[in-house]
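Trainee: Compute the structure for the input listed below.
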Amino acid sequence: MAQEKGVSRRDFFKGAGVAAAGAAMATAGLGLAGCAGGGGASADAEQWDQEAEVVIVGYGGAGACAAIAAADAGAKVLVLEKNAEDKHLCNTVMSGGIYHSPDPDGDKEALKQYLKAMFSGENLDTKAEGEQSPLFVDDIVEKFAEYSPKNVEFMQSLDPDYKVIERGGAAFPDFPGAKESGYKSYNSTYGKSATGPDYPTLDLPKEDTAAGLAFFNCLKTGIAARAENITIAYETPGKSLIMDDEGAVIGVVATQGDKDIRVKAGKGVILTTGGYEYNEEMRRAFLEGQGITGWAFYGTLSNTGDGIRMGCEAGAQLAKVGKAASRLIWSCPDVQVGPMNVGSITDSVGGAGTIVVNSEGRRFMDETLITKDPSRYFSYKNAVHMDIVTLEFPNTPAYMIIDETKRKAGPLVNTTLSTCGFGIIDWDKDNQNAIDNGWLIKADSIEELAQKIRDTHELNEGRMDPAVLAATMEQYQKMVDTGIDEEFGRTSATKNALTGEVVDPGFQAISTPPFYAMPLVAGGPNTKGGLQADGDRRVIDWNNEPIPR
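Mentor: So this is what the prediction gives:
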């Protein structure tokens, strides 16, 4: 499906060559993944249970955007969704609802330079190998430069009641073109605040929603306005792709109730099923470090790598599937999917009255880098660090150390979105049930806290040293007294990037007993990478050729 530069969203979906790919628009960001091909389900029978021109697998933000774009191009669309409608907690719903939308009046060539720096890094002096294949990065940059400045306009066209709040500029302000491009990101809301209520629910009135729930409500409004052309099939997960003798994707096998159904795609199949956060085998295969016990995620529990597996069967090429948008987070031992703990946004990390130590009790990084842009996207690298002499992972688990003053100051996890916000993990606002459940390790002194970590926290494996932790806390008090971190250069205050207002006073004494330790592992909202796709979002095989339809 050869495309002209600057193709419109409508034209993008016209014709027979709809991509078997990831997201259709710049808001969706990431595609899916794949590996060596053995072919999907057979097309020999030619018996179909359902049919649509465009079949989309997965109804999150990417699937909704693709469905809207396809419907606007005149296609009949069927979306296959794993979850029940009343339990549809996709990653988009559970997210902060933040997205990129550079200034439409910004310098387009500067925008392309900034995008190239993000996607490949080939215009950075410090980058030797890019994140995207050099075969496709130029076309991907062209598409993002064309579409991403229109993202706010696109969203507001779906629902005039939907509002945005400017969040900030470029996450990488030193990259080429960051300032000249007018790069911006936005929060989503239907009210006046970028933050919604504590413990939101899917049936919350639209006008009371913010963040990811508001973002997805806007998309749902757009879907509802196109109900004549878009059908959502809930509780119908995609299972495999159906391919003809020439290797073109012509349909999907899905599961509905207790039987498999065959869904014909008249023009193409789009895979928007997200990552592999809860696929045990893929986590072992792709994630750095200890793939099961050393990681947790705080998005939907439904991401089990379905599209990645389906893409593999069709011969799709993988792209950076071993990466994750991750930092250091709390991992709940009592809420699991198989052997994998469910995590939570732990946005208290790095704030006033907190430090982070490794399994022995030593600090190993500037804690503020765990939760601030842009380092929060990859600070997990410190968590998965391996000591090549001892063959251990000394920073897994790590521990956030706080005192009673910090415990009483507010929830240590985010209760407005993600797993604790939507009730997957039961966490109250004063952190008391975390103490009652043993999720926070509690002691009357720092030495006793270290002993409890060493003797009772299974993942510590006896490594915590009370003398080391006590010395670390003494050093932290010097930071409080002087406002200077001589070890890692942690700053003493955090300011709002837009207003300059101090939002966190920085160093604060950790001196009021009892003391608490919160175990932390690598983790975040989602795994990254996926199926290699070109600028037209056609999935690419291992011979660098597009897989038809």
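
Trainee: And what about the closest residue to Ser348 other than its chain neighbours, helix, strand or coil?
Mentor: Spatial nearest neighbour of Ser348, excluding adjacent residues (CB to CB, 6 or more residues apart in numbering): Leu412 at 4.4 Å. The way it works is simple: take the backbone N, C-alpha and C, and place the C-beta from them, glycine included. What DSSP: H, G, I helix; E, B strand; the rest coil gives for Leu412 is coil.

Trainee: pretty sure Leu412 is touching Ile401, no?
Mentor: No. Taking CB atoms under 8 Å as the definition, Leu412 is not a contact partner of Ile401, at 11.9 Å.

Trainee: about what we covered before: any idea how many residues pack against the residue nearest to Ser348?
Mentor: 26 (other CB atoms under 10 Å).

Trainee: The chain should start at 30 in everything you say after this.
Mentor: Happy to do that; since the first residue is 30 now, the last one works out to Leu441.

Trainee: List phi and psi for it.
Mentor: Backbone torsions for Leu441, taken as degrees, to the nearest 10, come to phi -80, psi -10.

Trainee: show me the contacts for it.
Mentor: 359, 375, 377, 429, 431, 435, 460, 463, 469, 547 (CB atoms under 8 Å, 6 or more residues apart in numbering).

Trainee: thinking the first one is in contact with Asn443, fair?
Mentor: This means Trp359. No. Contact criterion CB under 8 Å: Trp359 and Asn443 do not qualify, at 10.7 Å.

Trainee: for the record, mean pLDDT for stretch 403-417?
Mentor: Computed over stretch 403-417, the mean pLDDT rounds to 93.

Trainee: For that stretch, buried residues please.
Mentor: 404-405, 407-409, 411-414 (16 or more other CB atoms under 10 Å).

Trainee: Keep only those of those that are in helices.
Mentor: 409, 411-412 (DSSP state H).

Trainee: Make JSON lines out of these and add distance to Arg578.
Mentor: Shown next, in JSON lines, are those (distance: CB to CB, whole Å):
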{"residue": "Tyr409", "distance to Arg578": "36"}
{"residue": "Asn411", "distance to Arg578": "43"}
{"residue": "Ala412", "distance to Arg578": "41"}
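
Trainee: ok, now which ones touch the nearest residue to Asn332 once chain neighbours are set aside?
Mentor: Of all residues not flanking Asn332 in the chain, Gly303 sits nearest, at 4.2 Å (CB to CB, 6+ apart). For Gly303, the contacting residues are 61, 87, 89, 119-120, 328-329, 331-332, 336, 555, by CB under 8 Å, 6+ apart.

Trainee: For Gly303, give its distance to Asp136.
Mentor: According to CB to CB, to the nearest Å, Gly303 and Asp136 sit 33 Å apart.

Trainee: Wasn't Leu270 part of a strand?
Mentor: Yes. Checked against three-state DSSP, Leu270 lies within a strand.

Trainee: Tell me which stretches of the stretch 30-179 of the chain form strands.
Mentor: Applying DSSP state E, counting those that start in this stretch to the stretch 30-179 of the chain gives strands spanning 70-71, 79-86, 106-109, 128-129.

Trainee: Out of the ones you listed, flag the one nearest Pro368.
Mentor: Between Pro368 and those, the tightest spacing by CB to CB is seen for strand 79-86, at 26.2 Å.

Trainee: That closest one pairs with which strands?
Mentor: strand 106-109 (parallel), strand 288-300 (parallel) (DSSP bridges).

Trainee: Mean neighbour count, these: which tops it?
Mentor: Compared across the strands paired with strand 79-86, strand 106-109 shows the largest average neighbour count, a mean of 26 (mean count of other CB atoms under 10 Å).

Trainee: what residues does that one touch?
Mentor: Counting by CB under 8 Å, 6+ apart, 79-88, 92-93, 96, 99-100, 258-262, 265-267, 281, 283, 292 sit against strand 106-109.

Trainee: so how far is Asp136 from Glu574?
Mentor: From Glu574 to Asp136 the distance is 35 Å (CB to CB).

Trainee: of the two, who's got more company?
Mentor: Between Glu574 and Asp136, counted using other CB under 10 Å, the more crowded position is Asp136 (16 against 12).

Trainee: Identify the residue nearest the more buried one in space, chain neighbours excluded?
Mentor: Glu209 (4.4 Å).

Trainee: so Thr448, which of the three states?
Mentor: Under three-state DSSP, the three-state class of Thr448 is helix.

Trainee: neighbours around it, how many?
Mentor: A count of nearby residues for Thr448, using other CB under 10 Å, gives 25.

Trainee: Pull up the gap between Thr400 and Gly439, please.
Mentor: Note on Thr400: its distance to Gly439, by CB to CB, is 15 Å.

Trainee: Same check on Asp136?
Mentor: 42 Å.

Trainee: hang on, the earlier thing: for Ala314, which of the strands paired with strand 79-86 is the nearest?
Mentor: strand 288-300 (19.0 Å).

Trainee: what about the closest one, distance to the chain center?
Mentor: 27 Å (CA atoms, centre = their mean, to the nearest Å).

Trainee: who are the neighbours in contact with Glu516?
Mentor: Counting by CB under 8 Å, 6+ apart, Glu516 makes contact with 392, 504.

Trainee: can you list the weak-confidence ranges in the stretch 30-179 of the chain?
Mentor: Along the stretch 30-179 of the chain, the parts satisfying pLDDT under 70 run over 30-75.

Trainee: How about the contacts made by Leu164?
Mentor: Leu164 sits next to 563, 573 when contact means CB under 8 Å, 6+ apart.

Trainee: now the helices: where do they sit in the stretch 30-179 of the chain?
Mentor: For the stretch 30-179 of the chain, the helices defined by DSSP state H, counting those that start in this stretch occupy 38-41, 90-101, 120-123, 137-148, 166-176.

Trainee: Surely Gln537 is in contact with Gly379?
Mentor: No. Counting by CB under 8 Å, Gln537 stays clear of Gly379, with 11.9 Å between them.

Trainee: These two: which has the busier surroundings?
Mentor: Taking neighbours as other CB under 10 Å, Gln537 and Gly379 compare with Gly379 leading, 27 against 18.
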